[in-house]
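A.B. asks: My questions concern the predicted model and sequence given below.
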Amino acid sequence: MLAYPAKILLAFGETFSDNEVLYNFLLTNGYQELAALSSGIRGSEEAIIWLMRNGYPHYAALDGAIDGNPNARMWLQKNDYEFLALFADACNQKPEALQWLREHDLQIFVLLSAKIFGFRDRQIFDHHKIHF
């Protein structure tokens, strides 16, 4: 996720405010994986399956880790996606993860984690997602 331009990450964050225009922008401008990740975090099992089938299992695992699945988080760490594991912790408002992001001047990920946490805090989820 660190390689995406800031404006793309901001667009991704706005999808959690139900901004369909920016969601469609991601979908039609080469960032389908971020649109699918957004859909997955918002509860779409179909999006998670798409991520798995299209070479983005790390984003499917990120979704699981954000959901609090310890196996998904371990999968991220085992497969050298330490930043995504940390980002999942930040999305769950773990102070040490948020502090690490701030200390490394990654404020955009602090913002994204707050948007994801805020969205999820207002939702009811079906926890029958892919298991790692």
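C.D. replies: Cool, the structure landed.
A.B. asks: Just give me how far the host helix or strand of residue 90 sits from the chain centre.
C.D. replies: Using DSSP states H and E, residue 90 maps to helix 82-91. Helix 82-91 has its C-alpha centroid displaced from the chain centroid by 9 Å (Cα atoms, centre = their mean, to the nearest Å).
A.B. asks: Mind giving me the packing neighbours of it?
C.D. replies: Judged by 3 or more Cβ pairs under 8 Å, 6 or more residues apart in numbering; DSSP states H and E, helix 82-91 is in contact with helix 57-66, helix 70-78, helix 95-103, helix 107-121. (Each C-beta comes from the backbone N, C-alpha and C, glycine too.)
A.B. asks: Quick check: buried residues in the longest one?
C.D. replies: Okay, so that is helix 107-121. 108-110, 112-117, 119-120 (16 or more other Cβ atoms under 10 Å).
A.B. asks: any chance of the helices and strands packed on helix 82-91 in CSV, plus distance to residue 20 and mean pLDDT?
C.D. replies: As requested, those are arranged in CSV below (distance: least, Cβ to Cβ, whole Å; pLDDT from 0 to 100):
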stretch, distance to residue 20, mean pLDDT
helix 57-66, 20, 98
helix 70-78, 28, 97
helix 95-103, 28, 98
helix 107-121, 14, 94
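A.B. asks: now these as CSV including distance to residue 29?
C.D. replies: Converted to CSV, the helices and strands packed on helix 82-91 look like this (distance: least, Cβ to Cβ, whole Å):
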stretch, distance to residue 29
helix 57-66, 17
helix 70-78, 26
helix 95-103, 26
helix 107-121, 19
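A.B. asks: Nice, that's everything, thank you.
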